[in-house]
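Chemist: can't give you the sequence, but here's the structure:
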Ligand SMILES: [Cu+2]
């Protein structure tokens, strides 16, 4: 990958001349240009979105210390809400995907200036267009990344149908994912709200009793509620995969982003044992393995040593609870590339919290009791209606904290599906589950499996109103989103 330092400097110069947000004059050299492009998916042309830097490449690759400074131009022809996923140095007014953030009009640009957050992050629209690949890597290489070859892999689930059609198939209505839309008022009872679970102050040690999700035990667990036409890794299927040249005996840092909207994957490094060194862009104590879960919105950084004798080494991403897979191939010069099918021999398991229970943050939170603990009950109602504490977004009751407070959130999930829960503006630490309390990884998106309590904690250090939502696009769009207000 080439760095974009030059791009960033150009952007920084441009920033001096431009007002901050929503300007209509065309920026001379946008830092990023959001537009449409055409892909070939299984021999069929597909019009999708893309986010290109001034070098024409998708996404951004910067160095630690760089700023995200310059204009983002909306050439998509429709209003845009971008989210800088994982960028904790972006102030609230630097991210459109916030309550009252508005949209960037077609043809207009926003001008940004914030310090990039080191690590493997990404950017995507906070609208249904995320399904149409309105997403790209946003990588800031760490100063201590060392002498390794960075290989960025972006995963997607792909359909030739529009996201509106998919939402209709699911039975949902999009009143809530579009910010600013008020959404239909519900007259259903909030069946999944347990009395007394809002804004509780149960200490962390009290999280296990009463968490058996009684009455839900017989409920069917499922995944993959959208029928996709393909799964993409760097815009390609395994029919014609991205083959990435690596050196014999070289060291590779795979930076994998799950940009899929309704699909969790298992990363499988096949013949090469990997060492997980970061999740969601934040470093962890290295953990060896060959198979790692990766839910929507999550990232994982895996260090691999390419065997000295060379060869071709497929890196698979297999759909959870399914045999379908996508992937890329790492290959040394001259290695024979054999065709790999898009079906694994055995179905992958369902994504669980097992990885997080074994990972330990390299830079954990300080040891401190939470000032506030919130209990968020994830809910599911008839008509493809996904809720938090019985409310859809628009009817939600924000959770509130003061700057500097340590906040704990316990997610409880009596629903039939896993929910990758994502908090804007902050990184949290995974600190508890049925396995007990632990100093788990720092993340911004956590797998909350069905019938499994998960606790995260963070320091509310940034003023503003921040979305907290499920990163399954169609769960978010139909209601599974609330708000953290930090004053
Ligand atoms: Cu969900």
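Modeler: Received, thanks. Just so it is clear, the structure is predicted and the values come from calculations on it, not from any experiment. Numbering: from 1, shown residues only.
Chemist: okay, now the unreliable bits of this protein?
Modeler: Confidence mapping of the chain against pLDDT under 70 gives the ranges 1-28, 175-219.
Chemist: who's in contact with the residue most central in space within the chain?
Modeler: Centroid check for the chain by CA atoms, centre = their mean gives residue 297 as the closest residue, at 1.3 Å. Going by CB atoms under 8 Å, 6 or more residues apart in numbering, residue 297 touches 85, 258, 420, 422, 444-445, 471. Backbone N, C-alpha and C define where each C-beta goes, glycine included.
Chemist: those residues into a markdown table, with extra columns for distance to residue 342 and neighbour count?
Modeler: Formatted as a markdown table, those follow (distance: CB to CB, whole Å; neighbours: other CB atoms under 10 Å):
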| residue | distance to residue 342 | neighbour count |
| --- | --- | --- |
| 85 | 27 | 27 |
| 258 | 17 | 27 |
| 420 | 23 | 22 |
| 422 | 28 | 25 |
| 444 | 30 | 28 |
| 445 | 26 | 24 |
| 471 | 24 | 27 |
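Chemist: go ahead and confirm residue 381 touches residue 388.
Modeler: No: here residue 381 does not reach residue 388: they are 11.8 Å apart, not a contact under CB atoms under 8 Å.
Chemist: who has more neighbours out of those two?
Modeler: Remark: of residue 381 and residue 388, residue 388 carries more neighbours, 27 against 19, as counted by other CB atoms under 10 Å.
Chemist: for the more buried one, which non-adjacent residue is closest in space?
Modeler: Excluding its sequence neighbours, the residue lying closest to residue 388 (CB to CB, 6 or more residues apart in numbering) is residue 482, at 4.8 Å.
Chemist: strands of the stretch 301-450 of the chain, residue ranges please.
Modeler: 312-319, 325-331, 372-381, 385-388, 399-401, 406-412, 419-423, 428-433, 436-437, 442-443, 445-448 (DSSP state E, counting those that start in this stretch).
Chemist: the ion: which of those strands is closest?
Modeler: The ion sits nearest to strand 419-423 of all these, at 3.4 Å, using CB to the ion.
Chemist: for the ion, what are the nearby residues on this protein?
Modeler: 419, 470, 472, 475 (CB under 5 Å from the ion).
Chemist: let's see which of those residues end up in strands.
Modeler: Assigned to strands by DSSP state E, the following of these qualify: 419, 470.
Chemist: what subset of the residues of the chain next to the ion is buried?
Modeler: Buried members of the residues of the chain next to the ion, counted by 16 or more other CB atoms under 10 Å: 419, 470, 472, 475.
Chemist: between the residues you listed, which sits nearest residue 124?
Modeler: residue 472 (13.5 Å; CB to CB).
Chemist: quick one: residue 130 is in a strand?
Modeler: No: per DSSP: H, G, I helix; E, B strand; the rest coil, residue 130 lies outside any strand segment and is helix.
Chemist: not counting its neighbours along the chain, what's nearest it?
Modeler: Closest to residue 130 by CB to CB, 6+ apart is residue 124, at 5.0 Å.
Chemist: surely residue 174 touches residue 477?
Modeler: Yes: counting by CB under 8 Å, residue 477 is a contact partner of residue 174 at 4.8 Å.
Chemist: which neighbours do those two share?
Modeler: Residues touching both residue 174 and residue 477 by CB under 8 Å, 6+ apart: 128, 167.
Chemist: show me which of those two is the more surrounded one.
Modeler: Neighbours per residue, other CB under 10 Å: of residue 174 and residue 477, the larger number sits with residue 477, 31 against 19.
Chemist: ok, now how distant is the more buried one from the ion?
Modeler: To the ion, residue 477 is 10 Å away according to CB to the ion, to the nearest Å.
Chemist: what's the local residue count around residue 448?
Modeler: Per other CB under 10 Å, the neighbour tally for residue 448 reads 25.
Chemist: what sits against it?
Modeler: Counted by CB under 8 Å, 6+ apart, residue 448 has contacts 353, 378, 411, 413, 418-421, 454.
Chemist: thinking again about what came up before, the residue nearest to residue 130 bridge partners, please.
Modeler: With DSSP bridges applied, residue 124 shows beta-bridge pairing to residue 83, residue 135.
Chemist: what's the spacing between it and residue 223?
Modeler: 21 Å (CB to CB, to the nearest Å).
Chemist: which one's more surrounded, those two?
Modeler: residue 124 (26 against 20).
Chemist: contacting residues for that one?
Modeler: Residue 124 makes contacts with 82-83, 85, 130, 134-136, 259, as judged by CB under 8 Å, 6+ apart.
Chemist: and those, which two are furthest apart?
Modeler: Taking CB to CB, the two most distant members of the contacts of residue 124 are 82 and 259; they sit 13.6 Å apart.
Chemist: doesn't residue 374 make contact with residue 412?
Modeler: No: contact between residue 412 and residue 374 fails when scored by CB under 8 Å: they sit 11.0 Å apart.
Chemist: ok, the nearest residue to residue 269 once chain neighbours are set aside to residue 414 distance?
Modeler: Excluding the flanking residues, the one nearest residue 269 by CB to CB, 6+ apart is residue 290, at 5.2 Å. Distance, residue 290 to residue 414, using CB to CB: 33 Å.
Chemist: quick one on the thing from earlier: out of the contacts of residue 448, which two sit at the greatest distance?
Modeler: So, those by CB to CB: farthest apart are 353 and 378, at 14.1 Å.
Chemist: how is the protein divided into domains?
Modeler: Annotated domains of the chain cover 5-145, 163-223+358-486, 230-353 [automatic domain parsing].
Chemist: that older thread, who wins for neighbours among the contacts of residue 124?
Modeler: For those, neighbours were counted using other CB under 10 Å, and residue 135 has the most, 29 neighbours in all.
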